[in-house]
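**Q** Sequence and predicted structure are below.
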Amino acid sequence: MSYKVHYFDFPGRAEVARLCLSIGGIPYDDVFYTQATFPEAKPKMPFGQVPVLELPDGKMLAQSGAIERYTAKLAGLYPEDPLKAARADEAVFLMADFMDLFNPAFYLPAEERAKARQEILAGKGKDKLQLLNKHVSNLGEDGYVAGDKLSFADLGIFTSLSAIISGVYDGIPPTLLDDYPALKAFRNKIANEPGVKAYYEKHGEGIRAAFKPDSA
């Protein structure tokens, strides 16, 4: 029996867990849903939503943040030191603050969506990216958000930055990170991590083309 990641067939909120499991050499299977097939599976999910991590004994773990931290601990990608763990979380939460700005735009008509996102990037989004850029520029020689080694937090920032420049968010140019050189360098640093790079050599189609090294 292996772990199973229940989600849709794109990165989204399951990607950090997939990376943690892959980097940790922990066997797992993806269980993909579509908008047409998920309604049948929905009642089986603990909170009626995905992602959900199915454990080898069949029990289910819900909520992406809980899944990320659990898989990170399995893979040795969660800091044991309490302060380093808090540093990891603060970086993840700052990245989430930025990504959450775009949630309302998903519900707008297509012709209004791009304009709304551009306005976000010119306002609050720009403020958050400047904070993120400053944060990663102060990481020191090691260049990881939680100390001297890769953690799930680095993966979280990497996947969010890669997604935002992938072309899926209409109105957001793939050259966005050119204005934030520290973030661009950080994204490419994590993309070149051996375990991350290996994952996207196998899973590099479609949106995930933007998750490869030097695509930013």
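**A** Structure's in. What do you need?
**Q** excluding its backbone neighbours, what's nearest P181?
**A** Leaving aside its sequence neighbours, P181 sits nearest to N133 (Cβ to Cβ, 6 or more residues apart in numbering; 7.5 Å). Placement of C-beta: from N, CA and C, glycine included.
**Q** how about the strands of the protein, start to end?
**A** 3-8, 28-33, 52-54, 60-62 (DSSP state E).
**Q** partners of the second one in the sheet?
**A** When you say that, I think you mean strand 28-33. strand 3-8 (parallel) (DSSP bridges).
**Q** so which of the strands of the chain is the most packed in?
**A** strand 52-54 (a mean of 23; mean count of other Cβ atoms under 10 Å).
**Q** What are the contacting residues of it?
**A** The contact list for strand 52-54 (Cβ atoms under 8 Å, 6 or more residues apart in numbering) reads 3-7, 17, 31, 45-46, 60-62, 67, 70-71.
**Q** give me that answer again for 10 Å
**A** Residues outside strand 52-54 that contact it (Cβ atoms under 10 Å, 6 or more residues apart in numbering) are 1-7, 14, 17, 21, 28-29, 31, 41, 44-46, 59-64, 66-68, 70-71.
**Q** Name the strands paired with that strand and say parallel or antiparallel.
**A** Sheet pairing of strand 52-54 (DSSP bridges) gives strand 3-8 (antiparallel), strand 60-62 (antiparallel).
**Q** List just the one of those strands that sits closest to A75.
**A** Using Cβ to Cβ as the measure, strand 3-8 is the one of the strands paired with strand 52-54 that comes nearest A75, at 11.2 Å.
**Q** What segments of the chain are helices?
**A** Using DSSP state H, the helices found in the chain span residues 15-23, 38-41, 64-75, 82-100, 110-122, 124-137, 152-164, 181-191, 194-202.
**Q** who wins for proximity to A209 among these?
**A** Of those, the one closest to A209 (Cβ to Cβ) turns out to be helix 194-202, at 8.5 Å.
**Q** and for the closest one, what are the contacting residues?
**A** Residues outside helix 194-202 that contact it (Cβ under 10 Å, 6+ apart): 15, 18-25, 75, 77, 150, 154-155, 158-159, 162, 189-191, 193, 204, 208-213, 215.
**Q** could you give the angle of it to helix 15-23?
**A** Orientation check (axes from the mean of the first three to the mean of the last three Cα atoms, to 10 degrees): helix 194-202 against helix 15-23 gives 100 degrees.
**Q** before we move on, the earlier item: in CSV, list the strands paired with strand 52-54 along with mean pLDDT and distance to T175.
**A** Putting the strands paired with strand 52-54 into CSV (pLDDT from 0 to 100; distance: least, Cβ to Cβ, whole Å) gives the following:
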stretch, mean pLDDT, distance to T175
strand 3-8, 98, 27
strand 60-62, 98, 36
